[in-house]
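Enquirer: Could you look at this predicted model? Sequence included:
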Amino acid sequence: GLYHDDMEINIPGFWFATWYDVSISPNLALYNHVRANAKDASVRDNQYLVIAPTLHCAYKRAQENTIVGELSVGDARLNYDEQIYGWFDLWLKGDTNDFKSKTPKVQYYTMGSNQWNAADTWPPKESKLQTYYLHSGGTANSLYGDGSLSLNKPSTDEKPDTFTYDPMNPVPSYGGNVCCTGNAVRGGAFDQQGMETRNDILVYTTDVLEKGIEMTGFIESTLYLSSDVKDTDLTIKLIDVHPDGSAYNLDETIQRVRYREGYDQEVFMENGKVYKVDLTPMATSNFFKAGHRIRIEVSSSNFPRFARNLNTGGNNYDEKVGVVATNTIHHSATYPSNVKLPILQQ
């Protein structure tokens, strides 16, 4: 349901979330909000969280070989019944038991290493944001372009990347974080290589990792956009690229540009002017093994998971005809488009 920050949550909570659920980032943000802002200290101190590597509400369907979409994430089973019964016995029956002493505040599953981990907070205190910058020679379009992602800040003269977004030919949703869509979108992790042959997807990839990296926490992203339309969308998808080239999605996000300054006001673009756009945070826990690469895709649609922006500046829901947008992503010293990745410090 819809939650507002001024609503009081005044009971202890045992939260269950999944990496491929439609609302994973908002759920984690709300968990943190209650831990920080509940008026009663006993409520703040009795919030527990489990994050499983499955689809919406499917945490108890994990198996010895758990498949999410088309990717195996290993043995993701957990003693759910024991923990849930212990929780209810503690709070509903008033039993004195060992739930609090045995149960971490946060239990989360790290894909890639395929193991359960525990922390006192989300994200874990050891997780620190590192800024990765977008680079290219001006042709990051598709898997075959020259886009790259690195810790190096961009130079002053880097050429931007331009793509055409036609709302009559949007990028199709392929896997991802979904719920309750029937057969419209099949959720989970799928190899994105076929999707990445489209020229309306910009692809930015790190060099091959010499050693493994665990990414655990919220992912923040900032893009600098210019366009020839009043309004459009920006999308980002986070990808784990395997040594054989297969590219599995971890999370995805979108921002309607007219709401870049807040959802209480519409601010339209002027043709050619560059705008800073902060996208809604993503979240994951994934171990990128040595030999893998980290990738992001940037586009303007992910349909039908997200409604298409017809680029008109109108309501969209009562319109039939869209406008083709020419969208440009800038990445330079002046416009340093980037993603902040939560790297676990070992």
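Expert: It's in.
Enquirer: residues making contact with the helix or strand hosting Phe88?
Expert: Assigned by DSSP states H and E, Phe88 belongs to helix 80-88. With contacts defined as C-beta atoms under 8 Å, 6 or more residues apart in numbering, helix 80-88 is touched by 14, 48, 50, 59-60, 97-99, 102-103. (Each C-beta comes from the backbone N, C-alpha and C, glycine too.)
Enquirer: roughly how far out does that helix sit from the chain middle?
Expert: From the chain centre to the centre of helix 80-88 is a distance of 29 Å (C-alpha atoms, centre = their mean, to the nearest Å).
Enquirer: Burial check on His56, number of neighbours?
Expert: Per other C-beta atoms under 10 Å, the neighbour tally for His56 reads 18.
Enquirer: thinking again about what came up before, identify, from the contacts of helix 80-88, the entry nearest to Asn37.
Expert: Tyr48 (16.9 Å; C-beta to C-beta).
Enquirer: Toward the C-terminus from the helix holding Phe88, list the very next helix or strand.
Expert: Next along from helix 80-88, by DSSP H and E: helix 99-102.
Enquirer: list the buried ones in that next one?
Expert: Phe99 (16 or more other C-beta atoms under 10 Å).
Enquirer: what's it in contact with?
Expert: Residues contacting helix 99-102 (C-beta under 8 Å, 6+ apart): 46, 83, 86-87, 89-90.
Enquirer: Write a PyMOL command that selects only the buried members of these.
Expert: Restricted to buried positions by 16+ other C-beta under 10 Å, the PyMOL selection for the contacts of helix 99-102 reads:
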select buried, resi 46+83+86+87+90
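Enquirer: can you pick the most crowded of the contacts of helix 80-88?
Expert: Of the contacts of helix 80-88, with other C-beta under 10 Å as the count, Tyr59 tops at 23 neighbours.
Enquirer: Wait, that one touches Ala52, no?
Expert: Yes. Taking C-beta atoms under 8 Å as the definition, Tyr59 is a contact partner of Ala52 at 3.7 Å.
Enquirer: Quick check: Ile67 vs Leu55, distance?
Expert: For Ile67, the distance to Leu55 equals 10 Å [C-beta to C-beta, to the nearest Å].
Enquirer: any shared contact partners between Tyr59 and Ala52?
Expert: 16, 18, 78.
Enquirer: quick one: which of the residues you listed sit in strands?
Expert: Counting by DSSP state E, the shared contacts of Tyr59 and Ala52 place 16, 18 in strands.
Enquirer: Name the nearest of the shared contacts of Tyr59 and Ala52 relative to Ala41.
Expert: Phe16 (23.7 Å).
Enquirer: The closest one against His56, yeah?
Expert: No. In this structure, Phe16 is not within contact of His56 by C-beta under 8 Å, at 10.8 Å.
Enquirer: burial measure for the residue nearest to Glu261 when sequence neighbours are not counted, as a count.
Expert: Of all residues not flanking Glu261 in the chain, Val267 sits nearest, at 5.0 Å (C-beta to C-beta, 6 or more residues apart in numbering). Neighbours of Val267 under the rule other C-beta under 10 Å: 12.
Enquirer: Next: Phe163.
Expert: 21.
Enquirer: what helix or strand is it on?
Expert: For Phe163, the element it lies in under DSSP H and E is strand 161-165.
Enquirer: what comes up buried for that strand?
Expert: Here strand 161-165 shows 161-163, 165 as buried, counting by 16+ other C-beta under 10 Å.
Enquirer: Show me this protein divided up by domain.
Expert: Domains of the chain are assigned by automatic domain parsing as 13-119, 127-344.
Enquirer: List the residues that contact Thr328.
Expert: The contact partners of Thr328, taken as C-beta under 8 Å, 6+ apart, are 160-162, 225-227.
Enquirer: Let's see that with 6 Å instead.
Expert: By C-beta atoms under 6 Å, 6 or more residues apart in numbering, the contact set of Thr328 is 160, 162, 226.
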